[in-house]
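**Student:** here is my input; please provide its structure:
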Amino acid sequence: MKTDKQANQPLLSEFPATSAEEWRDAAEKLLKGKPFDKVMTRQTPEGIRLEPIFRKEVLAGLPAAETLPGFDGYLRGTSATGYRNEPWEIAQELPYGTPSEFNDAARADLMRGQNALNVLLDIATLKGMDPDTAKSGEVGACGLSIACLKDIETAFNEIMPEAVSFHIRTGCAGLTVGALFFAWLKKQGADLKKIKGSLGMDPIAVKAASGQLPANISELLSEQAIMANFCSKEAPGIRAVGISSLPYHQAGASSVEELAICLATGATYLNEMIERGMSVDDAAQQIRFSFCIGPNFFMEIAKLRAARALWAQLVKAFGGNAESQKIVMHARTGLYNKTQKDPYVNMLRTTTEALSGAIGGVDSMCVGNFDEVTREPDTFSRRISRNTQIILQEECELTAVVDPAGGSWAVEWLTNEVSEKTWELFQAIEAEGGMDQALKSGFIAKTIGATAKQNEALLGARRTSLVGTNVYPNLEEKALESRIPDYAEVRKQRAREIAAARMELDEASDAAVMEALGKIVDSSGDDLMPILIQAVEAGATIGEISKTIRASVAPGEAITPLPTTRLASKYEALRSASARFAEKTGRAPAIFLTNLGPLRRHKARADFIKGFFQAGGFEVISPAGFDTPADAVSALTESEAGITVVCGTDDDYVEKFADYAKAIKAALPEMQVLLAGFPGDNEAAYKEAGMDDYIFIKSDNYELNRRYLTGLGVL
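**Tutor:** I've put the predicted structure just below:
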């Protein structure tokens, strides 16, 4: 009996394989003279030229063909079983300012599929300040406000320490926040050996984002090493050191730049921990990476796969063993491409980004809420984000396949390209003297700035699309209801709470606090963490501990911070200006389309112009086609628009444009007359007839919207 494969052999033999040369010849014939490389290939921001089709031959010489998951440099995963034994952690961020709000959200979401707490801290806590000494706008802003043991008890109330992972992004406040966390664990009677999570101390990322550190970098790296050494010995499931790509992602970095910067940061932290007495294996196993996931689906998969291989290569060069070469990666969907306009499209963006993360093999993930760039999330937006991950795990069955991207000709080729370009940039950063020096010299800012400028140019030309922003804008949408906390009131509430906590201390407790703080001053460093925990137990606050630790430490040298931006922000500014203009005048800025002839002759260009200017918030009036210039002038006058765009075919323009333009200029001399399409050889004649400008596929969409809004007094 023949097998299916044998039965199909005669059929398959009738369709001989096509060579790459034959395929290209056929494609070039269909292009009818257009350049193949210009039309069919695409250059990415990473400097990688993507081909339209990939063949098996690209695997020749690539390491993927000889590797297996869990082996050989970990390109295909750090575990031979992938997610089959342990899926990635669902680690959603809960950006609530007060301990009680945080706890309400945490307990609710942990009962509904989330299995890791991803704790953002507010500005005051990250600065090492108590709520009553911080400014309004710093307390509860961007994350959780905690200052004493009672606060963390409230935030984690009824949460079993050994049942979930705790990931706390501490920035430069690793020692103080770590002391609170370990004091809480001690009070809960938890076995530190069984606790999982991270404390994410990452002073270089703080410097990149804010331009200023609360202490010099050497002091902070020493604090980081103290925390890492303590965790390595006492709580090996907690990784003290974080490396976040968020500041670089939000400044517009490409995937290669993001990865190279993180590798350079990792090399710096490894060096510093080793110099402070840790072994390379212990140091490497204290580091957790946190990558942002951008919109380029395959590029992000390649980035995550390349990260595993490159980190293993780097740790191996330091002398690390096979276990310490395994990277631990968190991922969160990016912010750079998220929009305030048409915000529900963000759900689609985060879904594809989360899929990239899962296929790329992350260890934990946060899917951003669709409204996170506009307001504080509610239960609905949190549920949608959380369920995106649950669906990927439970219904898409991504956990059933080990390295689903493995062997893909395109993905393996792209992974190799990302690896090579990342290593090249990593070496350039090292040549600058490492990450800290590269930030000081402006090398990082200059490198990312060039990419961001290119990204904005592509968006403005609509060669990059943001649905609802520069393409398919919906001017009828209703803005999301605002849910921005009253930070002045939050500060007052938190100041009252910390004052009440201090009032609960008796004279004996006050004495114990003073004694513990005194021990901090005399500490040699190795015994610092137990003393800090003792101080927290006695009632010391984050502010008191921070002042004591850094009493004689100078602040770090200031640099220009990397910009925090979103691609859509400049378009959103245009739309907001148009909306304010409409509120003030009773009408949005208007553009009138002078459509020539029947619908079939003007519709294509009228639709193009409508979408082009609605991106800036214009009301675009598109009437039926006109048969005479007089009819067009009458309707245009009645519309009270300040700009008109003539829409028709090229043949109609040759025959009619001059008559229409002259009639419009005669009746309305101040009217701006634009042409829809490229005038070509007729440009001079059309200008003489009254054409002020023309709009075509290569026009800068953002710049022209800005120019004409300015001309109408909107900006």
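**Student:** now do the contacts for the spatially most central residue of the chain.
**Tutor:** With distances taken as CA atoms, centre = their mean, Gly334 lies nearest the centre of the chain, 2.1 Å away. Listed by CB atoms under 8 Å, 6 or more residues apart in numbering, the contact set of Gly334 reads His249, Cys292, Ile293, Gly294, Pro295, Glu353, Gly368. Where C-beta positions appear, they are placed from N, C-alpha and C, glycine not excepted.
**Student:** looking at those residues, which has the most residues close by?
**Tutor:** Most neighbours among those, by other CB atoms under 10 Å: Ile293, with 32 neighbours.
**Student:** and that one, how far from Glu258?
**Tutor:** The spacing between Ile293 and Glu258, counted by CB to CB, to the nearest Å, is 10 Å.
**Student:** same deal with Phe678?
**Tutor:** Phe678 is 38 Å from Glu258, by CB to CB.
**Student:** which one of those two has more residues nearby?
**Tutor:** The residue with more neighbours, out of Phe678 and Glu258, is Glu258; 27 against 14, by other CB under 10 Å.
**Student:** my guess is the more buried one meets Tyr248, correct?
**Tutor:** Yes. Here Glu258 reaches Tyr248: they are 5.2 Å apart, a contact under CB atoms under 8 Å.
**Student:** ok, for Leu474, nearest residue in space, not its chain neighbours?
**Tutor:** Not quite, residue 474 is Asn, not Leu. Distance criterion CB to CB, 6 or more residues apart in numbering; nearest residue to Asn474, sequence neighbours excluded, is Asp342 at 5.6 Å.
**Student:** Leu185: neighbour count?
**Tutor:** By other CB under 10 Å, the residues close to Leu185 number 21.
**Student:** in which helix or strand would I find it?
**Tutor:** For Leu185, the host element (DSSP states H and E) is helix 174-188.
**Student:** which other residues reach that helix?
**Tutor:** Contacts with helix 174-188, where a contact means CB under 8 Å, 6+ apart, come from 121, 125, 128, 146, 148-149, 151-153, 156, 161, 166, 168, 170, 192, 195, 199-201, 223-224, 226-227, 230, 235, 240, 528-529, 532-533, 535-537, 542, 545-546, 549.
**Student:** can you check stretch 635-642 too?
**Tutor:** By CB under 8 Å, 6+ apart, the surrounding residues in contact with stretch 635-642 are 589-592, 594, 621, 623, 626, 644, 664, 667-668, 670-672, 711-712.
**Student:** so what does the residue nearest to the centre of the chain look like in phi/psi?
**Tutor:** phi -70, psi 170 (degrees, to the nearest 10).
**Student:** cool, and Val119?
**Tutor:** Taking degrees, to the nearest 10, you get phi -100, psi 110 for the backbone angles of Val119.
**Student:** from what I can see it touches Thr170, true?
**Tutor:** No. Taking contacts as CB under 8 Å, Val119 lies outside contact range of Thr170: 9.0 Å.
**Student:** leaving out sequence neighbours, find the closest residue to Ile301.
**Tutor:** With sequence-adjacent residues excluded and distances taken as CB to CB, 6+ apart, Ile301 is closest to Gly360, at 4.6 Å.
**Student:** list the contacts of that neighbour.
**Tutor:** Residues in contact with Gly360, defined by CB under 8 Å, 6+ apart, are Glu300, Ile301, Lys303, Leu304, Arg305, Ala331, Ala405.
**Student:** okay, those in CSV with secondary structure and distance to Glu489 next?
**Tutor:** Converted to CSV, the contacts of Gly360 look like this (DSSP: H, G, I helix; E, B strand; the rest coil; distance: CB to CB, whole Å):
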residue, secondary structure, distance to Glu489
Glu300, helix, 40
Ile301, helix, 44
Lys303, helix, 42
Leu304, helix, 41
Arg305, helix, 47
Ala331, strand, 34
Ala405, coil, 48
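**Student:** looking at those residues, which is nearest Glu432?
**Tutor:** Lys303 (22.1 Å; CB to CB).
**Student:** residue contacts, the closest residue in space to that closest one that isn't next to it in sequence?
**Tutor:** Distances taken as CB to CB, 6+ apart place Ser255 nearest to Lys303, at 4.3 Å, with adjacent residues excluded. Ser255 makes contact with Pro45, Glu46, Gly294, Asn296, Met299, Glu300, Ala302, Lys303, Val418, according to CB under 8 Å, 6+ apart.
**Student:** domain-wise, how is the chain divided?
**Tutor:** As assigned by automatic domain parsing, the chain contains the domains 83-421, 569-711.
**Student:** following the helix or strand of the chain with the lowest mean pLDDT, which helix or strand comes up?
**Tutor:** Of all helical and strand segments in the chain, the minimum by mean pLDDT, DSSP states H and E falls on helix 4-13, at a mean of 63. Counting by DSSP H and E, the next helix or strand C-terminal to helix 4-13 is helix 20-31.
**Student:** which of the contacts of Gly334 fall in helices?
**Tutor:** With DSSP state H as the criterion, helices contain His249, Glu353 from among the contacts of Gly334.
**Student:** nearest to Gly690, of the contacts of Gly360?
**Tutor:** Glu300 (49.7 Å).
**Student:** distance of that closest one relative to Glu46?
**Tutor:** Glu300 sits 11 Å away from Glu46, going by CB to CB.
**Student:** ok, Ser100 next?
**Tutor:** As judged by CB to CB, Ser100 and Glu46 stand 45 Å apart.
**Student:** between the two, which one's more packed in?
**Tutor:** Using other CB under 10 Å, the more surrounded residue of Ser100 and Glu46 is Glu46, with 25 against 15.
**Student:** and Thr154, what does it touch?
**Tutor:** Counting by CB under 8 Å, 6+ apart, Thr154 has contacts Pro99, Ser100, Asn103.
**Student:** as TSV, those residues with secondary structure would be great.
**Tutor:** Converted to TSV, these look like this (DSSP: H, G, I helix; E, B strand; the rest coil):
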residue	secondary structure
Pro99	helix
Ser100	helix
Asn103	helix
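**Student:** out of these, flag the one nearest to Thr399.
**Tutor:** Distances from Thr399 to these, taken by CB to CB, are shortest for Asn103, at 29.6 Å.
**Student:** let me know how buried that closest one is, in neighbour terms.
**Tutor:** Per other CB under 10 Å, the neighbour tally for Asn103 reads 20.
**Student:** thought Glu153 was touching it, still the case?
**Tutor:** No. Using CB under 8 Å, Asn103 is not in contact with Glu153; the gap is 9.5 Å.
**Student:** phi first, then psi, for Thr154.
**Tutor:** Main-chain torsions, Thr154, degrees, to the nearest 10: phi -70, psi -40.
**Student:** what sits closest to Pro377 if chain neighbours are left out?
**Tutor:** Nearest to Pro377 is Asn369, by CB to CB, 6+ apart, at 4.2 Å.
**Student:** how much space is there between the nearest residue to Thr41 once chain neighbours are set aside and Val418?
**Tutor:** Spatial nearest neighbour of Thr41, excluding adjacent residues (CB to CB, 6+ apart): Arg49 at 5.4 Å. Distance from Arg49 to Val418, counting by CB to CB: 13 Å.
**Student:** please consider this matter closed, and thank you.
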